[in-house]
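# Coordinates for the following, if possible.
(4 chains)
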Number of protein chains: 4
Amino acid sequence: MQNDQKTKLTKRLARVEGQVRGLQRMIEEDRYCIDVVTQISAVRAALLKVEQEVLKDHVAHCVEHAISSGDAEDQRRKVAELLEILNRPQR
Amino acid sequence: MQNDQKTKLTKRLARVEGQVRGLQRMIEEDRYCIDVVTQISAVRAALLKVEQEVLKDHVAHCVEHAISSGDAEDQRRKVAELLEILNRPQR
Amino acid sequence: MQNDQKTKLTKRLARVEGQVRGLQRMIEEDRYCIDVVTQISAVRAALLKVEQEVLKDHVAHCVEHAISSGDAEDQRRKVAELLEILNRPQR
Amino acid sequence: MQNDQKTKLTKRLARVEGQVRGLQRMIEEDRYCIDVVTQISAVRAALLKVEQEVLKDHVAHCVEHAISSGDAEDQRRKVAELLEILNRPQR
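Next up is the predicted model:
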């Protein structure tokens, strides 16, 4: 991963970490459940965006490397990994 | 797509079609809303399974063809398509 | 459910039924897998909208009836049903 | 929220916070993208469980309070909030 991309992603994860700490405070301070639920959804959405960013980067670099190297075995492995993610129940 | 796979998938879709007809009947017969909702969820889950089956088949044949042919441009296109599906909001 | 709402929902489901028939044709005619996957996603999204519509209607009528009747047991049952849907893994 | 439930949920969120910190380390240490993606999915699933737990607790206490108090306006508000969560696109 490029250094600027690593910086960008760790910054976003640091923000998510702060949001999770905020969630603990919301529970300790007896904030209204629906507000807690809404905030948890927001954090899950932020994490999904980071996940999609990592995948995009993975394709642009690791998968691209397998393609330009012409290594068919590596290409098969990379595609099988993407398929496995696509077929996870949780997504 | 192989013929047996096509038969298998069209049969499953024919069953889904029957379930969607059943849903129309449930509404006409004033069935309890929660039962309707549960049945719609079941149909959505059945469609997701067909979708995952089509994707698996796509990787086993179309993507595999791009890999064994060694056509890097085709490989890039195929991977970009998978990534686009992975990053759809709805999944 | 009101008659106009029933008509609206059965019409939408009839359209979904047509889309599912279209999917079978797409498979028989060897249409490109990614187009099939995209179309299945569209049908799943259409079904999710019907499901949300039914839920909205359920709350506006069945749940509202439990509230205005003041029947606490019925209210508890209705809320437990909503919670069960909220906590399903698939949603 | 009961004190033992608050303790249980803040503990789970503290664990999630640790996992998010672990994700930042994984990125800094150039861990394999697919492992990062898998771990992000795990954290999202953990957050979804906390969210469902908060909702369950909300129904058991806040909504139950609205029911046993017989306050129809409060009941309507509570049900509208649950419906809004049910109909969010992200769920």
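
# The residue in chain A that chain C sits nearest to - nearest residue in space that isn't next to it in sequence?
Proximity of chain A to chain C (Cβ to the nearest Cβ) peaks at residue A:89, 7.0 Å away. Where you see a C-beta, it was placed from the backbone N, CA and C, and this is true even at glycine. Of all residues not flanking residue A:89 in the chain, residue C:89 sits nearest, at 7.0 Å (Cβ to Cβ, 6 or more residues apart in numbering or on different chains).

# tell me the SS of the one you found?
Per DSSP: H, G, I helix; E, B strand; the rest coil, the local secondary structure of residue C:89 is coil.

# For stretch A:70-85, buried residues please.
For stretch A:70-85, a neighbour-count test (16 or more other Cβ atoms under 10 Å in any protein chain shown) marks A:74, A:75, A:76, A:78, A:79, A:81, A:82, A:83, A:85 as buried.

# out of the residues you listed, which are inside helices?
Members of those lying in helices (criterion: DSSP state H): A:74, A:75, A:76, A:78, A:79, A:81, A:82, A:83, A:85.

# Tell me which two in the buried residues of stretch A:70-85 are the farthest apart.
For these, the farthest-apart pair by Cβ to Cβ is A:74 and A:85; their separation is 17.2 Å.

# Averaged pLDDT, the helix or strand harbouring residue A:43. What do you get?
Assessed by DSSP states H and E, residue A:43 sits inside helix A:33-58. Averaged over helix A:33-58, pLDDT sits at 96.

# Give me the contact status of the next helix or strand after that helix with chain B.
Counting by DSSP H and E, the next helix or strand C-terminal to helix A:33-58 is helix A:64-69. Yes. Counting by Cβ under 8 Å from any Cβ of the partner chain, chain B has neighbours in helix A:64-69: A:64, A:67, A:68.

# burial of the second one, as a residue count?
Yep, that's residue A:67 we're talking about. Residue A:67 is flanked by 24 other residues according to other Cβ atoms under 10 Å in any protein chain shown.

# Quick one: residues contacting the nearest residue to it once chain neighbours are set aside.
Spatial nearest neighbour of residue A:67, excluding adjacent residues (Cβ to Cβ, 6+ apart): residue B:75 at 4.8 Å. Listed by Cβ atoms under 8 Å, 6 or more residues apart in numbering or on different chains, the contact partners of residue B:75 are A:67, A:75, B:63, B:66, B:67.

# Of these, which pair is most distant in space?
Farthest-apart pair in these is A:67 and B:63; separation 11.6 Å (Cβ to Cβ).

# ok, the residue nearest to residue A:89 touching residue A:88?
No. Taking contacts as Cβ atoms under 8 Å, residue C:89 lies outside contact range of residue A:88: 11.8 Å.

# And those two? Which one has more around it.
Set residue C:89 next to residue A:88 and count neighbours by other Cβ under 10 Å: residue A:88 wins out with 13 against 10.

# Skip the chain neighbours and tell me the closest residue to that one.
Leaving out its chain neighbours, the residue that sits closest to residue A:88 by Cβ to Cβ, 6+ apart is residue D:41, at 6.8 Å.

# Show me which residues of chain A are close to chain D?
Contacts of chain A with chain D, taken as Cβ under 8 Å from any Cβ, map to A:1, A:6, A:9-10, A:13-14, A:16-17, A:20-21, A:23-24, A:27-28, A:30, A:32-34, A:36-38, A:40-41, A:43-45, A:47-48, A:50-51, A:54-55, A:57-58, A:62, A:81, A:85, A:88, A:90-91.

# Apply the buried test to those and list what passes.
Among the residues of chain A next to chain D, the ones that count as buried by 16+ other Cβ under 10 Å are A:1, A:6, A:9-10, A:13, A:16-17, A:20, A:23-24, A:27, A:33-34, A:36-37, A:40-41, A:43-44, A:47-48, A:50-51, A:54-55, A:57-58, A:62, A:81, A:85.

# Not counting sequence-adjacent ones, nearest residue to the most centrally placed residue in chain A?
Nearest to the geometric centre of chain A sits residue A:51, at 1.7 Å (Cα atoms, centre = their mean). Excluding the flanking residues, the one nearest residue A:51 by Cβ to Cβ, 6+ apart is residue D:40, at 4.3 Å.

# list the contacts for residue A:28?
With contact set as Cβ under 8 Å, 6+ apart, residue A:28 has these partners: D:6, D:10.

# Show the pLDDT at it.
On pLDDT, residue A:28 comes in at 97.

# now residue A:91
Note on residue A:91: pLDDT of 61.

# Which residues are in contact with residue A:26?
Contacts for residue A:26 (Cβ under 8 Å, 6+ apart) come out as A:35, A:36, A:39.

# what are the phi and psi values for it?
Backbone dihedrals for residue A:26, given as degrees, to the nearest 10, come out at phi -60, psi -40.

# What of residue A:16?
Dihedral angles (degrees, to the nearest 10) for residue A:16: phi -60, psi -40.

# Please tell me the pLDDT value assigned to it.
Looking at residue A:16, the pLDDT reads 98.

# which residues touch it?
Residues counted as contacts of residue A:16 (Cβ under 8 Å, 6+ apart) are A:43, A:46, A:47, A:50, D:20.
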